[in-house]
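> Here is my input; please provide its structure:
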Amino acid sequence: MPYEWLPATAETPERLHLWPYRSLPRRGFVGFIAATCALIALPMLTVIGSPVLWGLLPFFVLAVGGIWFALSKSYRDAEIVEDLTFHPDRLTLTRHGPRGARQAWEANPYWVRLTLHASGGPVPNYLTLKGDGREVELGAFLSEEERVSLKAEVQRALDGLR
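Below is the predicted model of the structure:
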């Protein structure tokens with residue numbers, strides 16, 4: 001699961017740390033680009049030394065550049081991290097988005113309502129926290145099953161604060 005519970009210590013309260021799942025690590029990124037270059041270059045071996053090579057070369061560069069750009073954007077978007085902190089007197093959700101964007105939400109845990117919207121939300125099993133007049137989404141990047149599992153765990157932690 002792409003989240004972990006960080007236990008409370010003397011200095012810090014209990015915290016839930018969430019991040020998007022990454023199916024391709026950085027090492028795999030390099031391997032994928034290298035394999036793509038090799039597979040695209042293989043048919044080009046037959047035209048080395050002919051003017052046809054110069055006609056095909058821009059398309060080769062565009063294909064590899066497009067894949068590089070798409071995977072790099074995917075890595076930037078996957079820098080999203082959410083921290084849900086369970087203070088005795090307040091619940092804090094901080095979302096660190098791509099390119100340094102930061103959003104924060106805070107409410108009294110006694111009044112916070114955790115809701116799993118099975119349907120009617122932007123995605124099935126839409127998980128929200130509502131309190132202090134605002135409703136925020138929790139774990140937008142998680143799968144449906146992970147949000148269902150997470151709801152039970154967060155509810156247990158909320159009940160422990162009340």
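
> Kindly report the domain assignment for this protein.
3-20+82-161, 26-77 (automatic domain parsing).

> which strands and helices sit next to the helix or strand containing residue 16?
Secondary structure assigned from DSSP states H and E places residue 16 in strand 14-18. Here strand 14-18 touches strand 3-6, strand 81-86, helix 144-161, going by 3 or more Cβ pairs under 8 Å, 6 or more residues apart in numbering; DSSP states H and E. Heads up, the C-betas are built off the backbone N, CA and C, glycines and all.

> a markdown table for these, including mean neighbour count and distance to residue 21?
Below are the helices and strands packed on strand 14-18 laid out as a markdown table (neighbours: other Cβ atoms under 10 Å; distance: least, Cβ to Cβ, whole Å):
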| stretch | mean neighbour count | distance to residue 21 |
| --- | --- | --- |
| strand 3-6 | 14 | 10 |
| strand 81-86 | 19 | 13 |
| helix 144-161 | 15 | 9 |
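
> Ignoring the adjacent residues along the chain, who's closest to the residue sitting nearest the centre point of the chain?
Residue closest to the mean C-alpha point of the chain, counted by Cα atoms, centre = their mean, is residue 20 at 2.4 Å. Nearest non-adjacent residue to residue 20, counting by Cβ to Cβ, 6 or more residues apart in numbering: residue 141, 4.0 Å away.

> what's around the one you found, how many residues?
Residue 141 sits with 16 neighbouring residues when counted by other Cβ atoms under 10 Å.

> what's the spacing between it and residue 2?
Using Cβ to Cβ, to the nearest Å, we find residue 141 at a distance of 8 Å from residue 2.
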